[in-house]
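1. Coordinates for the following, if possible.
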Amino acid sequence: MPLKLMYITNNPEVATIVEHAGVDRIFIDMEFIGKDARQGGLDTVQNHHTIQDIKNIRKVVRQAEIMVRINPIHENYPGYMDSKEEIDAAIDAGADILMLPYFTTAEEVQKFVEYVDGRASTLPLLESAKALDCLNEILKIKGIDQIHIGLNDLSLDLGKKFMFEILADGLIDDICDEIKKHRIPFGFGGFGRLGRGMLPAEKIIKEHYRLGSQCAILSRSFCNTSMITDLEEIRRIFDEGVKEIREYEKTCLDGFEKNHQELVEIVRGIV
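-> Numbering: from 1, shown residues only. This is a model prediction of the structure:
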């Protein structure tokens, strides 16, 4: 089964292009609480999208799912909604899937599931060392529909130099094995265009197939729409890039161990 591809945007014109190219989920990113502090000023994506952005995207999307990353569970934050109000507003605005970022306890995930109350799909984002410590308890919670492993923040929390170290050293294998025991669909990380970057996307895609992952984010390096603003150029990148990925996926039937060893060597060279 092809990977479900996700792309972060709050631009309705870009969302229309992305959907037409075959991306499965339009990703609205409202997370901002605590994100800058934990990422230490690194050049990471911080979007601070809004409820209005969900409504705007809902108007133009026809087939793709709308996934919304809310903020971590919180009761009081100056000038902002609490978690239940945020979840209610996101669902009312048209979210199909809600992603909970940076939880550290099973209680937070339980509260998230209760607040959603079956009105949208639930997708906890596993990206903290403390969450990893109580993963078995988290996986027993009824009402988790999917899980995504956030390579960037989890790697930072574990003191790694490069986000794909935990893919090379076997930690992701262990996490995926635990998730599969509970028959919960999962995905991890993201990637850019084929044949580009320090760690080429095709190496990562084959790891998704080896591990049984079902979804991944198309990263900012796939198409950085804060730098590329011409809609026809964005259309070309997505049409060509998604088609290349889909064609490559057809070849992901074997050779997994060889690919994994090659990935390990590339990561070692980078680190």
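
2. from here on, contacts and neighbour counts on C-alpha atoms
-> Fine.

3. Tell me which residue is most central in the protein.
-> Geometric centre of the chain, nearest residue: I217, 5.0 Å, by CA atoms, centre = their mean.

4. partner strands of the strand or helix carrying that one, parallel or antiparallel?
-> Assigned by DSSP states H and E, I217 falls within strand 215-218. Strand pairing for strand 215-218, using DSSP bridges, gives strand 4-8 (parallel), strand 190-191 (parallel).

5. so can I have a markdown table of these showing mean pLDDT, distance to K258 and mean neighbour count?
-> Output for these, formatted as a markdown table (pLDDT from 0 to 100; distance: least, CA to CA, whole Å; neighbours: other CA atoms under 10 Å):
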| stretch | mean pLDDT | distance to K258 | mean neighbour count |
| --- | --- | --- | --- |
| strand 4-8 | 98 | 24 | 22 |
| strand 190-191 | 96 | 20 | 23 |
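
6. I'd like the ones you listed written out as JSON lines, with distance to I141 added.
-> What follows is the strands paired with strand 215-218, written out as JSON lines (distance: least, CA to CA, whole Å):
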{"stretch": "strand 4-8", "distance to I141": "24"}
{"stretch": "strand 190-191", "distance to I141": "26"}
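
7. any idea of the pLDDT on the residue nearest to the centre of the chain?
-> I217 carries a pLDDT value of 98.

8. so it touches G190, yeah?
-> Yes: counting by CA atoms under 8 Å, I217 does reach G190; the two are 4.2 Å apart.

9. List of residues touching the helix or strand containing I204?
-> Element membership for I204 (DSSP H and E) is helix 201-211. The contact list for helix 201-211 (CA atoms under 8 Å, 6 or more residues apart in numbering) reads 173, 176, 187-188, 191-195, 214, 248-249, 252, 256, 259-260, 263.

10. try 7 Å this time
-> Residues outside helix 201-211 that contact it (CA atoms under 7 Å, 6 or more residues apart in numbering) are D173, C176, F191, G192, R193, L194, G195, C252, F256, N259, H260, L263.

11. Quick check: which helices or strands does the host helix or strand of the last one pack against?
-> Looking back up the chat, that one is L263. L263 belongs to helix 256-270 when elements are defined using DSSP H and E. Counting contacts by 3 or more CA pairs under 7 Å, 6 or more residues apart in numbering; DSSP states H and E, helix 256-270 is packed against helix 165-168, helix 201-211.
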